[in-house]
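Chemist: This is a predicted model, with the sequence first.
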Amino acid sequence: MERRIRLAGVFVLLLFLGLFIQLNNVQVIRAHALATSPGNPRTVTDQFGLPRGDIYSADGVLLATSVPTGKTPYAYQRVYPPNTATLFAQITGYSSILYGTYTGVEAEYNKYLTVHTTPIRNLHDLLTNHQVVDDVTLTIRASLQSQVAAAIDSVGSPAGAVVLDPSTGAVLAMYATPTFDPNPLSSIDIPTEQKAWAADNAGGYTNTPLRSNAFQTTLAPGSDFKVITTSAILKGRPDLAAKVFSTSLVQIPLPNSGGRTLHNYGYYPCGGDLALLVAQSCDAAFGQLGMDLGAKALVDEATLYGFNRPSPIDLPQAAMSTIPPASSFTNNQPGLAYSAIGQENVSATVLQMAMAVSAVANGGVIMTPHVMAQIRDSQGNLVTSYVPTPFSRVMSAQNAAQLSTFMQGVVTNPLGTAYGIFPPAWNVGAKTGTAQTGHNENNDWMVAFAPASHPQVAVAVAVPFQAPGTVGATVAGPLVKKIIGAALGLGG
Amino acid sequence: MLRRPEALRRPPSPLPRRRTELGLLVAASLIVTGAYVLMIVGNTSKVPSDVGPLLGAMLALGLTAHIATRIFARDAHPVILPVVFLLNGLGYVMLTRIDLGYGHGYDFAPLQAGWTAFGVGVYVVTLIVIRRSRDLDRYRYLLLAVAIALLLSPLVPGLGVSVYGARLWIHIGTTEFQPVEVAKILLCIFFASYFVERRELLTIPTMRLGNRLVVDPRPLLPITAAWLFAIGIMSLEHDIGFSALLFTVFIALLWITTGRTGYLVFGLVIFLAGAYISSKYFGQVHVRVETWLDPWKTPTGHGEQLVQAWYALGSGGIGGTGLGLGQPWDIPVVQADFIFAAIGEEMGLLGSTMIVVAFLVLVGAGLRIAQAARSEFAKLAATGLTLIVGFQAFFIMAGILRLLPLTGITLPFVSYGGSALIANYALIAILMRISDEGTAALEAEERTKRMAATGTTTVPVTQFR
C-alpha cells in the first residue's frame, strides 16, 4: 500500500508539472499575444494609464497634452487647451475610453504619440530607458486657423474651409462648423464622456460635429467642378477648347429627356470662348461641352483629381469624393450635362476642391495633402518629417497656366462671377460655385489661389444649405477674401 | 536495577515539530501581511492603516490553531497548518483586492475573514472531538447516512438554491451553505473504511469465470450503489466538479487498497464513457466541452470566463502587474472559481507557480502522513483526504489553464466561500489527527528500539496509547 501511495504522489506531481508547463505556455510564451490582444480590456486601460506625446501647431501652440490624474487605472487625462480645443478638434481628434478610443491625429499618429520602444541605435540607447512618447507638430499655424475660423464662424450655419500650400500639399488651415470640444469626450470620468457623446450625436448622422464638414462630408460642388471639366477639355479636345458659343445662349435642350432643358442660372444669357465661359460660369455651354466631351473623358479626369479614390490626407475617416461611373451615363446624357457643371450625382469634400484648385496653382500637380509637419522626441530630436510627395499629375504645366489665366479672368473680367471681390493687386484666380440641390437649397462655393504669379495658397470654401437665390460669389466670396488676406498677410 | 522506561513518557515540550510550525506560521503571517501592504499601496498609493490589526488577526488565528495542535495533536506534521494559512491569507488579500476593484458594496473579504475564524474554530473542535482516527472507522455507516442527507438537502424545496445553474447550495438563515463540501469528506472516509474491511475480497480472485479466476464483484455492489447514488444526486444538482472529484478519489482509493490495475482501467473506461455520454446529452456538460476546446468562439458568452482569465494570465506575464495594479474584475465571478487567474495576473508566473507549489507541498505532506499512519484505515483515509485537496486544486487550475474542461469547483482555502473553508479546515484537522497518531507511534517505536539496544525493558507500543 505504501508503494501505491507513493505512486499516487508521483502521479499528482506529474499533474502539477503539467500545470506548471501550461502556466509557462500561457504566462510566458503566449503572454505578449494575450496581453496585446484587441479583446483584452487591459489594452484600453494601458493606453489611458500612460502619458501621450503632445500635439503642437506649426507656430508652436500646444494643442494636446497629457496631465496626470493621480488616479488608477486612468492615470492620465488628455487635455486640449481651451483656446484651441474647438478650433482644432476635428484635426487633433479626441481620445475616448468608451467611443472608438482615438480619432484624428491622435489616431493617425498614435504609434508615435503612445508610449513605444525606440530602436536601439547605439550603446547609450542600450543603457537608457527607451520607452518614449513623441510630439507631433502640425502644418497648421494656430494664428491662421483662428482667422479662418473667425470667417467661417461668421456664417452662423455649417460651413467649411481648407487652405493648402499648393507646392507642398501642406494643410495651412482646415476648419469647419459645427465643431466640438474634445475635452469632455476624452474625460476619464465616464458619465461626463457619455453626456458629451450624446450631445455631440444629438443632430444625427448628417449633423454631428464629430465629422468635419471640411473633409469628412461631401457636397455637390456646383460650378467649381468646371475647373475639372475645363481641364479635361484642354487636355484631349482642342476642338472643344476652340469652340465659341453664341453670347445670347440661355439654355440647351437635353436629349432623351422629354423636352427638358438645361438653362443658365437665372436665365441670364452667356457665351463666347472658353475663357469667357469659365469667367461667366456659363452653365448651358458647359452642359453642352460635357456631353460633347463624353462621360469617359469627364469621369477619368475627375478620377485623376482624386474622385472615387480614398482621400490621400493623413487623417482617418476622410470622405471619398464621388462621380458616377462613365457607364451610368450611357443612357443618361442629361445626367452627364449636369455632372459637367458639378451637380446631379457629383459629390466632393471641400478638401477635394482645394486639391483641384491647387493643381492649377502648382503647374498641374496635386501634392498629397497632409497635416503632419514633423515628429520630434521628447529631447527635441527629429524622428520623422513629412516629405512632400505628388499625389497626381492632372495636366500639363501649359494647360495649368492656361486654366490659371481663365480663373484670373473670373476675378478680373467685369463679366466674371467673382469680379470686384478681390483687390487687383492680390492677383487672385478663382472659380465660384452654386449647386442647386434637390432640397431647394444652394451650396455656395468658391475655390481660389493667390498670387497667380507664384501661388502660395489654394483655398476652397463651401457654405451649404443656403437659401435659393444666394450664390457662391456673395456668400463664399467674402470668406475667401478674408482667408487669402489672412494667409498672405495682406489684411482683410 | 529497574528503571521506569523513558519510552512510556512523551518527550518534554516544547516539541521541535511544533516549534517549526510556529516559526512557519509567523513567516506565513508576515508574507500575507506584506502582500496586503503591497496590494493596498499598489491600489491606492497609501499605506493601509489596518496593517497591525491584520497581522494581529493572522497571528491570533495561527496561534489558536497552533496551541490546539500542541495540546491535542502535538506530534502532527508541522508544515500543513502554515501552508494552509499562507493559501488562506493570500486568498484573503486577493479578495480584498477584488472588493476594491469592484467598488462599493462588495465585501467578500470581510465575510471570508469571518469564515476563516469559524474554520479555525472547526479545526480546533474537530481535533477535540475526534481523539482517535478509528472512531471514524467505527461510525462509517453513520457518516455515509449523514453524507447522503447532506447531498440530498439542496433538492429539498424551500431549502435548496440554484446558483449559476447548479443546485448545490442550501439556505440556513441568511447564509448559503454548500453541503457537498462536507459530504466529500464523509464519503471519502466511508470509502476508506469500507475498502479496508473488504480488502481481501476486493483483491483476491475467488470467482470462477470459465476457467479463469476473477475478483468477486459482489463486495463492490453496495459501495458502487452508494457511489452511483452520490453521483446521481450531484447530476440532479447539475454539478460536474464534485462528481468528477469523488469519482477520481473513489477509483484511486480502490486501486491503492487492492493494487489491481484492472480497477484503474475499469474506472478510466467508465469515466470516459460517462464523460462522452454526458457531453452529448447534458447541455451544460456539452457547453463546457465546447468552451474548453475553443473559448474564443464565444468570447462574450460561455467562453467569457476562460477568455478573460487567459487575458489576465497573459497580461500578468512572468512578474505580474504588481499587487493591486491589475484589473481582475474583468473576469466574471473572479472571487470564486477564478481567483487563481487573478493571482496569476497580479503576481505573475511567480505567484501562480507559488500556489501550485503550495498545493504540491500540501499533497506531499498529506501522503507522507498516510505512509506513516498506524492503521490501514488511517493510511487510506489520509490518502483520500489528501487527494481530495490535491485533485480539487488540480481540477480548477487545470480548468482555468484549459488542460481539462472547466468543472466549477473552488480552489481550496483560496477561493471565496464559507462552507468550503469550514469543510477544508475540518479535513486538515483529520489529517493532523492521523499524523499525530502515526508520528507518536513511530517515535515511540524508535525509542523502544534504541532502548532495546541498550538493554532497557520494553513495553509494547500499543499499550501507552
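Modeler: Good, I have the coordinates. Numbering: from 1, shown residues only, chains lettered A, B, ... in the order given.
Chemist: distance between the ends of stretch A:409-425?
Modeler: 14 Å (CA to CA, to the nearest Å).
Chemist: Equivalent analysis for stretch A:195-208, please.
Modeler: 14 Å.
Chemist: Can you list phi and psi of residue 401 for me?
Modeler: As the question left the chain open, I've gone with chain A. With angles defined as degrees, to the nearest 10, A:Ala401 sits at phi -60, psi -40.
Chemist: what sits against the residue lying closest to it once chain neighbours are set aside?
Modeler: Residue nearest to A:Ala401 in three dimensions, not counting chain neighbours: A:Gly363, with 7.6 Å by CB to CB, 6 or more residues apart in numbering or on different chains. Heads up, the C-betas are built off the backbone N, CA and C, glycines and all. Listed by CB atoms under 8 Å, 6 or more residues apart in numbering or on different chains, the contact set of A:Gly363 reads A:397, A:400-401.
Chemist: quick one, what contacts the residue in the stretch 201-350 of chain A that chain B sits nearest to?
Modeler: Nearest to chain B, among the residues of the stretch 201-350 of chain A, is A:Asn201, at 24.3 Å (CB to the nearest CB). The neighbourhood of A:Asn201, defined by CB under 8 Å, 6+ apart, consists of A:208, A:210.
Chemist: For the closest residue to chain A within the stretch 301-450 of chain B, which non-adjacent residue is spatially closest?
Modeler: Closest residue of the stretch 301-450 of chain B to chain A, CB to the nearest CB: B:Gly314 (2.4 Å). Sequence neighbours aside, A:Leu34 is the residue nearest to B:Gly314 in space, at 2.4 Å (criterion: CB to CB, 6+ apart).
Chemist: what's next to the helix or strand hosting the one you found, contact-wise?
Modeler: According to DSSP states H and E, A:Leu34 maps onto helix A:31-35. When contacts are defined by CB under 8 Å, 6+ apart, helix A:31-35 is touched by residues A:26, A:40, A:42-43, B:310-311, B:313-318.
Chemist: ChimeraX command to pick out the buried ones of the residues you listed?
Modeler: A single ChimeraX command is used to select the members of those judged buried by 16 or more other CB atoms under 10 Å in any protein chain shown:
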select /A:26,40,42 /B:310,311,313,314,315,316,317
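Chemist: Grab the two from the contacts of helix A:31-35 that are most spread out in space.
Modeler: Across the contacts of helix A:31-35, the longest distance by CB to CB is 19.0 Å; it joins A:Thr43 and B:Ile318.
Chemist: show me what contacts residue 264?
Modeler: As the question left the chain open, I've gone with chain A. A:249-251, A:270, A:282-284.
Chemist: meant chain B actually
Modeler: Contacts of B:Leu264 by CB under 8 Å, 6+ apart are B:251, B:255.
Chemist: what does A:Met320 give?
Modeler: A:218, A:307-311.
Chemist: give me phi/psi at the one residue in the stretch 301-450 of chain A that gets nearest to chain B?
Modeler: Per CB to the nearest CB, A:Ser378 is where the stretch 301-450 of chain A lies closest to chain B, at 24.7 Å. Per-residue torsions, A:Ser378: phi -70, psi -20 (degrees, to the nearest 10).
Chemist: max-length helix in chain A?
Modeler: Longest helix in chain A by number of residues (criterion: DSSP state H): helix A:2-24.
Chemist: Packing partners of it?
Modeler: For helix A:2-24, the packing partners by 3 or more CB pairs under 8 Å, 6 or more residues apart in numbering or on different chains; DSSP states H and E come out as helix B:241-258, helix B:339-372, helix B:376-400.
Chemist: hang on, A:Leu382 packs against A:Thr137?
Modeler: No: in this structure, A:Leu382 is not within contact of A:Thr137 by CB atoms under 8 Å, at 10.1 Å.
Chemist: anything in contact with each of these two?
Modeler: In contact with both A:Leu382 and A:Thr137: A:374-376, using CB under 8 Å, 6+ apart.
Chemist: hang on, the earlier thing: now, which of the contacts of A:Gly363 sits nearest A:Ala430?
Modeler: Using CB to CB, the contacts of A:Gly363 come closest to A:Ala430 at A:Ala400, 15.3 Å.
Chemist: List, one by one, the residues from the stretch 1-150 of chain A near chain B.
Modeler: Neighbours of chain B within the stretch 1-150 of chain A, by CB under 8 Å from any CB of the partner chain: A:1-2, A:4-6, A:8-9, A:12-13, A:15-16, A:18-20, A:22-24, A:26-28, A:30-35, A:37, A:39-42, A:45, A:70, A:72-73.
Chemist: Name the helix or strand of the chain that has the lowest mean pLDDT.
Modeler: As the question left the chain open, I've gone with chain A. Lowest on mean pLDDT, DSSP states H and E among the helices and strands of chain A sits helix A:123-127, with a mean of 63.
Chemist: let's do chain B instead
Modeler: strand B:166-172 (a mean of 64).
Chemist: any chance of the helices and strands packed on helix A:2-24 in JSON lines, plus mean pLDDT, distance to B:Val120 and mean neighbour count?
Modeler: What follows is the helices and strands packed on helix A:2-24, written out as JSON lines (pLDDT from 0 to 100; distance: least, CB to CB, whole Å; neighbours: other CB atoms under 10 Å in any protein chain shown):
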{"stretch": "helix B:241-258", "mean pLDDT": "86", "distance to B:Val120": "24", "mean neighbour count": "22"}
{"stretch": "helix B:339-372", "mean pLDDT": "95", "distance to B:Val120": "17", "mean neighbour count": "23"}
{"stretch": "helix B:376-400", "mean pLDDT": "95", "distance to B:Val120": "17", "mean neighbour count": "25"}
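Chemist: would a markdown table of those helices with distance to chain A be doable?
Modeler: Converted to a markdown table, these look like this (distance: least, CB to the nearest CB, whole Å):
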| stretch | distance to chain A |
| --- | --- |
| helix B:241-258 | 5 |
| helix B:339-372 | 4 |
| helix B:376-400 | 5 |
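Chemist: ok, how many other residues are close to residue 59?
Modeler: I went with chain A, as the question did not name one. A count of nearby residues for A:Asp59, using other CB atoms under 10 Å in any protein chain shown, gives 13.
Chemist: should've been chain B
Modeler: Using other CB under 10 Å: B:Leu59 sits among 17 other residues.
Chemist: Helix or strand: which one has the nearest residue to it once chain neighbours are set aside?
Modeler: Spatial nearest neighbour of B:Leu59, chain neighbours left out: B:Ser29 (5.3 Å); criterion: CB to CB, 6+ apart. Counting by DSSP H and E, the element that carries B:Ser29 is helix B:16-44.
Chemist: So which elements touch that helix?
Modeler: helix B:51-72, helix B:80-102.
Chemist: Just the buried positions in the next helix or strand after the longest one, please.
Modeler: Meaning helix B:80-102. With elements assigned by DSSP H and E, the helix or strand that comes after helix B:80-102 is helix B:108-129. Under the neighbour-count criterion of 16+ other CB under 10 Å, helix B:108-129 has B:108-109, B:111-113, B:115-116, B:119-124, B:126-127 buried.
Chemist: Show me what helix B:108-129 is in contact with.
Modeler: B:57, B:61, B:64-65, B:68-69, B:72-73, B:88, B:91-92, B:95-96, B:98-99, B:335, B:416-418, B:421-422, B:424-426, B:428-430, B:432-433.
Chemist: Now do the contacts for A:Gln20.
Modeler: In this structure residue A:20 is Phe, not Gln. Contacts of A:Phe20 (CB under 8 Å, 6+ apart): B:353, B:356.
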